[in-house]
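In: Sequence below, structure please.
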Amino acid sequence: MKGNDEIFSKVLRAGRRTYFFDVRSTRAGDYYLTITESKKFTNDDGSFHYKKHKIYLYKEDFDGFSEILNEMTSYILNEKGEEVISERHQSDYVKEEDKEPVFETKSAKAFTDVSFDDI
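Out: Residues are numbered from 1 along each chain as shown. Okay, the predicted model is just below:
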């Protein structure tokens, strides 16, 4: 056992973020899951600190949580594919609002090719 209530743990490192998955024990001896996101921030002086967010997930919520998580991840992958699209991951990334508008140009012939019989 890893302390009072930690039973089993896994870590996922993802850039500045680290995810901790911990199985813990309740006072009654049942198990639940905690998922912790820890994100590293660097201060102006070069020192750093971490911000953490934690989710507690109990057995009675596993089915619903898994179902919605699978649905959401499938939706994202189906809509956007597996390629990561972001300014952090692509050196040539340009935000939609920063893109130059594309105007369709017509040839001069298209403007002069008018039949007055239609009027």
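In: which helix of the protein spans the most residues?
Out: The single longest helix within the chain, with elements called by DSSP state H, is helix 62-80.
In: Next, the buried residues of that helix.
Out: For helix 62-80, the neighbour count (16 or more other Cβ atoms under 10 Å) marks no residue as buried. (C-beta placed from N, C-alpha, C; glycine too.)
In: residues making contact with it?
Out: When contacts are defined by Cβ atoms under 8 Å, 6 or more residues apart in numbering, helix 62-80 is touched by residues Leu57.
In: pLDDT averaged over that helix - what is it?
Out: Helix 62-80 shows a mean pLDDT of 96.
In: can I get the CA coordinates of that helix in PDB?
Out: Output in PDB follows, covering the C-alpha atoms of helix 62-80 (Å, rounded to 0.1, in the frame of the first residue of the first chain):
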ATOM      1  CA  PHE A  62     -18.200   4.700 -13.600                       C
ATOM      2  CA  ASP A  63     -20.600   3.500 -16.300                       C
ATOM      3  CA  GLY A  64     -22.000   7.000 -17.000                       C
ATOM      4  CA  PHE A  65     -18.600   8.700 -16.900                       C
ATOM      5  CA  SER A  66     -17.100   6.100 -19.200                       C
ATOM      6  CA  GLU A  67     -20.000   6.300 -21.700                       C
ATOM      7  CA  ILE A  68     -19.900  10.100 -22.000                       C
ATOM      8  CA  LEU A  69     -16.000  10.200 -22.100                       C
ATOM      9  CA  ASN A  70     -16.000   7.600 -24.900                       C
ATOM     10  CA  GLU A  71     -18.700   9.500 -26.700                       C
ATOM     11  CA  MET A  72     -16.900  12.900 -26.400                       C
ATOM     12  CA  THR A  73     -13.500  11.500 -27.400                       C
ATOM     13  CA  SER A  74     -15.000   9.700 -30.400                       C
ATOM     14  CA  TYR A  75     -16.800  12.800 -31.500                       C
ATOM     15  CA  ILE A  76     -13.600  14.900 -31.400                       C
ATOM     16  CA  LEU A  77     -11.600  12.300 -33.300                       C
ATOM     17  CA  ASN A  78     -14.400  11.800 -35.900                       C
ATOM     18  CA  GLU A  79     -14.800  15.600 -36.400                       C
ATOM     19  CA  LYS A  80     -11.200  16.700 -36.300                       C
END
